[in-house]
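1. Test case, fold it:
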Amino acid sequence: MLDWPEYRNELGARIGEIAKLSPDTIKGYQTLSGAGAKTNHLDAKTRELIALAVSVTTRCDGCITVHTAEALKHGATREEIGEALGVAVALNAGAALVYSARVMDATAAYSKA
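-> Residues are numbered from 1 along each chain as shown. Below is the predicted model:
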């Protein structure tokens, strides 16, 4: 597997390069990333657990390394992280099921043609 802390450092350096080339892109990303903290309807730990679940569904290693560290920093337990990941697995399975229904719909449509 990866050396996650080292990967996070390497990723930060590369994103720093992008920041120099396109600072408004990074500013826009930072605005989006910080929006939830400004409203504070969810606590930081909950936001990080959601971020971990989304990291899995979007298959983003960079998101995994950043949000794992942040979730732990905000007090998330292995058990809570595991539960959040269970939600991600279920959502991916659910999405596959929904798209399977779409295939069946397409099959029916083509069978009539």
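2. CA only for contacts and neighbour counts going forward, please
-> Fine.
3. Which of the helices or strands spans residue 56?
-> Under the assignment given by DSSP states H and E, the secondary-structure element containing residue 56 is helix 44-58.
4. Check which helices and strands that helix sits against.
-> Under the contact definition 3 or more C-alpha pairs under 8 Å, 6 or more residues apart in numbering; DSSP states H and E, helix 44-58 sits against helix 61-73, helix 78-112.
5. quick one: the helix or strand of the chain with the lowest mean pLDDT to chain centroid distance?
-> The element with the least model confidence among the helices and strands of the chain, by mean pLDDT, DSSP states H and E, is helix 23-39, at a mean of 94. Using C-alpha atoms, centre = their mean, to the nearest Å, we find the averaged C-alpha position of helix 23-39 to lie 15 Å away from the chain's own average C-alpha position.
6. Kindly report the same for stretch 50-67.
-> On C-alpha atoms, centre = their mean, the centre of stretch 50-67 falls 3 Å from the chain's centre.
7. Tell me which residues are up against that stretch.
-> Around stretch 50-67, the neighbours that count as contacts under C-alpha atoms under 8 Å, 6 or more residues apart in numbering are 4-5, 7-8, 11, 48-49, 68, 81, 84-85, 87-89, 91-92.
8. C-alpha coordinates for it, PDB please?
-> Once side chains and other backbone atoms are set aside, the C-alpha atoms of stretch 50-67 remain, and they are given as PDB (Å, rounded to 0.1, in the frame of the first residue of the first chain):
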ATOM      1  CA  ILE A  50     -18.600  12.200   4.900                       C
ATOM      2  CA  ALA A  51     -15.500  13.300   3.000                       C
ATOM      3  CA  LEU A  52     -14.000   9.900   3.500                       C
ATOM      4  CA  ALA A  53     -17.100   8.100   2.200                       C
ATOM      5  CA  VAL A  54     -17.100  10.400  -0.800                       C
ATOM      6  CA  SER A  55     -13.300   9.900  -1.300                       C
ATOM      7  CA  VAL A  56     -14.100   6.200  -1.700                       C
ATOM      8  CA  THR A  57     -17.000   6.700  -4.100                       C
ATOM      9  CA  THR A  58     -14.900   9.100  -6.300                       C
ATOM     10  CA  ARG A  59     -11.800   6.900  -6.000                       C
ATOM     11  CA  CYS A  60      -9.500   9.800  -4.900                       C
ATOM     12  CA  ASP A  61      -6.300   8.800  -3.100                       C
ATOM     13  CA  GLY A  62      -5.500  12.400  -2.400                       C
ATOM     14  CA  CYS A  63      -8.800  12.900  -0.700                       C
ATOM     15  CA  ILE A  64      -8.300   9.700   1.300                       C
ATOM     16  CA  THR A  65      -4.900  10.800   2.700                       C
ATOM     17  CA  VAL A  66      -6.100  14.300   3.600                       C
ATOM     18  CA  HIS A  67      -9.400  13.400   5.000                       C
END
